[in-house]
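Trainee: Predicted model and sequence follow; I will ask about them next.
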Amino acid sequence: MPKFFGERIAPDLISLSQEDSHHALRVLRLRPGDTIRVSAQGLHFNARLEVDDQQARARILNEFASNDARTRITLYQGWPKGDKLDQIVRQTTELGVAAIVPVLFARCVARPDQAGKRLERLNKIAREAAMQSERTIIPPVLAPITAMELSARLQKHALALVLYENERQQTLASALKGQADLALVIGPEGGLTAGEVAEMGAQPVTLGPRILRTETAGIAAIAMTFALNRDF
């Protein structure tokens, strides 16, 4: 069943964006009266498609349960090179991440050019992935922050963990205490400096004896966290 996000404009009516209206009417060739699914204000609905002057709207039929996770994970991802961040955003969104914050660490191989346009693309990827996985919310991809700004951000979470290749004892499983608000920090291709790890105020953890690529580590950690918290 086609899935869209919209804005609630009445108790039983949701307006779709111009882009989604075009997709529904011109690409999918849906017709008034077709049944669709739509999310608005963090809620899921079955709805009936209506059209008013080429503007698609959804008339709510009934609400159904959200499939979003109870555990809120914010991913603080070291800025990678190439299009790796596209993959990270897409797959972590499918898994259920709550938000993604790129971080410019000292050993980042690449630095963002025209960050505004890049963020626009990344948020579009997140939106498409949220639609595909039938999520209730679209996780925002926020503007990049520096390593110096990271510490203050992490203090706002109930638990902050950093995946660090030099950590040998503390595992992700032993560090998790069932917290509902979790920050996960992933370094870039060049890794994190010892100073960055010490200053950010996050607890270093290991995922095991194998070193994962930056585009793999966050995806693995998020999947493991949901599994450990029985949140699938």
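Mentor: Looks like it arrived, so ask away. As the structure is a prediction and not an experimental result, all values here were calculated from the model.
Trainee: list the buried ones in the longest helix along the chain?
Mentor: Using DSSP state H, we find that the single longest helix of the chain is helix 115-132. For helix 115-132, a neighbour-count test (16 or more other Cβ atoms under 10 Å) marks 118-119, 122-123, 125-127, 129-131 as buried. C-betas here are computed from N, CA, C, even on glycine.
Trainee: Does anything pack onto it? Which helices or strands?
Mentor: strand 3-10, helix 84-95 (3 or more Cβ pairs under 8 Å, 6 or more residues apart in numbering; DSSP states H and E).
Trainee: what's it in contact with?
Mentor: In this structure, residues lying in contact with helix 115-132 by Cβ atoms under 8 Å, 6 or more residues apart in numbering are 3-5, 85-86, 89-91, 93-94, 100, 112, 137-144.
Trainee: before we move on, the earlier item: adding distance to Arg29, write the buried residues of helix 115-132 out as TSV.
Mentor: Formatted as TSV, the buried residues of helix 115-132 follow (distance: Cβ to Cβ, whole Å):
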residue	distance to Arg29
Arg118	33
Leu119	32
Leu122	29
Asn123	27
Ile125	25
Ala126	26
Arg127	21
Ala129	23
Ala130	23
Met131	18
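Trainee: Quickly list the domain ranges of the protein.
Mentor: 3-64, 72-228 (automatic domain parsing).
Trainee: Redo those domains as CSV? Include mean pLDDT.
Mentor: As requested, the domains of the chain are exported to CSV (pLDDT from 0 to 100):
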stretch, mean pLDDT
domain 3-64, 91
domain 72-228, 94
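Trainee: Pick the most deeply packed of those.
Mentor: Comparing the domains of the chain by mean neighbour count (mean count of other Cβ atoms under 10 Å), domain 72-228 ranks first with a mean of 18.
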